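*Asks:* Dropping a prediction and its sequence here:
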Amino acid sequence: MSDVTSVPESPHHVLKTRSPLWMMATVTGVFGLAYAYTVFSAIGALMQQATGAYPLTATGWIVLIAAIAVPIIIFAAIVAFGIRRMVGEYALLLIAGFAVAQVYWMNTLSLMLTSGCSF
């Protein structure tokens, strides 16, 4: 018996190498700034609505707090589950997550604009 295990070679078997740490950190940082901009916009909208002439309803508080939490949760989930992937795959995951966060933010803005003072 030999101590070396034999792995059959296959044309479909591709060995993935890890991306350099500096590259992953750079991609994470750039997309982190984009996600942070969304969070800061949501915080600004919450402060503007909360200090306005009309008080926020419970629905308004829930929607605006969720607008702060959703991008943070999406970014954290993608970083936790995607950091082990190749840098291109990781960037695509971050782009898709950012698109989802922006869709939620646009829905929040449309709700704020259409409901007027009753938000």
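*Replies:* That came through, no problem. As the structure is a computational prediction, the values presented were derived from the model and not from experiment.
*Asks:* contacts, neighbours, all on C-alpha from now
*Replies:* OK.
*Asks:* residues of the helix or strand harbouring Ile73 that come out buried?
*Replies:* If you go by DSSP states H and E, Ile73 is part of helix 58-82. Neighbour-count burial for helix 58-82 flags 60-61, 63-64, 66-68, 70-72, 74-75, 78-79, 82 (criterion: 16 or more other C-alpha atoms under 10 Å).
*Asks:* same check, this time on stretch 88-96
*Replies:* Going by neighbour count (16+ other C-alpha under 10 Å), the buried part of stretch 88-96 is Tyr90, Ala91, Leu93, Leu94.
*Asks:* got TSV for the residues you listed, with distance to Leu109 and secondary structure too?
*Replies:* Compiled in TSV, the buried residues of stretch 88-96 are given as follows (distance: C-alpha to C-alpha, whole Å; DSSP: H, G, I helix; E, B strand; the rest coil):
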residue	distance to Leu109	secondary structure
Tyr90	28	helix
Ala91	26	helix
Leu93	24	helix
Leu94	22	helix
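*Asks:* out of these, who's nearest Ser41?
*Replies:* Closest approach between the buried residues of stretch 88-96 and Ser41, by C-alpha to C-alpha: Leu94, at 18.9 Å.
*Asks:* Just confirm that closest one contacts Phe75, I think it does.
*Replies:* Yes: between Leu94 and Phe75 there is a contact under C-alpha atoms under 8 Å: 7.3 Å.
*Asks:* Okay, now the unreliable bits of this structure?
*Replies:* Across the chain, residues meeting the criterion (pLDDT under 70) sit at 1-17, 116-119.
*Asks:* Helices of that one, residue ranges please.
*Replies:* Applying DSSP state H to the chain gives helices spanning 21-50, 58-82, 87-115.
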